[in-house]
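Chemist: here is the input, now give the coordinates:
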Amino acid sequence: MASIFGFRSRDPARDRHTDVARLDRLAKLFEQIAAEIDAEKTGLEVRYRKEATNAAFLVEAMENGSASDRRSSEVGALTQSILNSERRIAALARQGGAMRELRHSLDMVFDDHAADDSTTVGQIRQQGAGRG
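Modeler: Numbers count the residues shown, from 1 in each chain. Predicted structure coming up:
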């Protein structure tokens with residue numbers, strides 16, 4: 001049977017450092033994912049505008065009789081592509097919002113952690129940055 005007097009707890013500063021390092025890794029992951037979402041959304045928006053412009057010019061050309069009727073299938077394909085792009089842009093906007101909410105929630109955990117102790121999160125992050 002182990003003696004209760006042999007038990008030693010960890011240094012609270014070490015626990016704080018471990019917690020903040022873990023939360024910091026998670027924050028960086030959220031930021032990386034948010035950047036990926038933003039990059040995809042930006043690229044898609046550029047292609048969306050190009051397709052919408054092409055579709056508008058094609059429809060106008062068809063209405064003016066300067067484009068062949070067989071190009072009407074292109075209008076259908078462009079329309080479908082535009083609709084797909086709109087759905088994806090909306091999904092990416094929701095994902096980006098979710099990442100911002102998660103990141104904000106993580107900041108709240110950092111703030112709560114700092115409030116529990118006189119050592120600030122910034123001080124702990126500075127200590128960790130010196131080790132990496």
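Chemist: and Arg88, what element?
Modeler: According to DSSP states H and E, Arg88 maps onto helix 72-115.
Chemist: likewise for Val46?
Modeler: In this structure, Val46 sits in helix 12-63 according to DSSP H and E.
Chemist: that older thread, the helix holding Arg88 versus helix 12-63: what angle between them?
Modeler: Going by axes from the mean of the first three to the mean of the last three CA atoms, to 10 degrees, helix 72-115 is angled at 160 degrees with respect to helix 12-63.
Chemist: which elements pack onto helix 72-115?
Modeler: The elements that helix 72-115 packs onto, with contact taken as 3 or more CB pairs under 8 Å, 6 or more residues apart in numbering; DSSP states H and E, are helix 12-63, helix 121-131. (C-beta placed from N, C-alpha, C; glycine too.)
Chemist: want to throw the ones you listed into CSV with distance to Asn84 and mean neighbour count?
Modeler: CSV is the format used below for these (distance: least, CB to CB, whole Å; neighbours: other CB atoms under 10 Å):
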stretch, distance to Asn84, mean neighbour count
helix 12-63, 9, 14
helix 121-131, 42, 13
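Chemist: and the residue nearest the centre of the protein?
Modeler: Against the mean C-alpha coordinate of the chain, by CA atoms, centre = their mean, the closest residue is Ala34 at 1.6 Å.
Chemist: contacts only, for that one.
Modeler: Under the criterion of CB atoms under 8 Å, 6 or more residues apart in numbering, the contact partners of Ala34 comprise 96, 99-100, 103.
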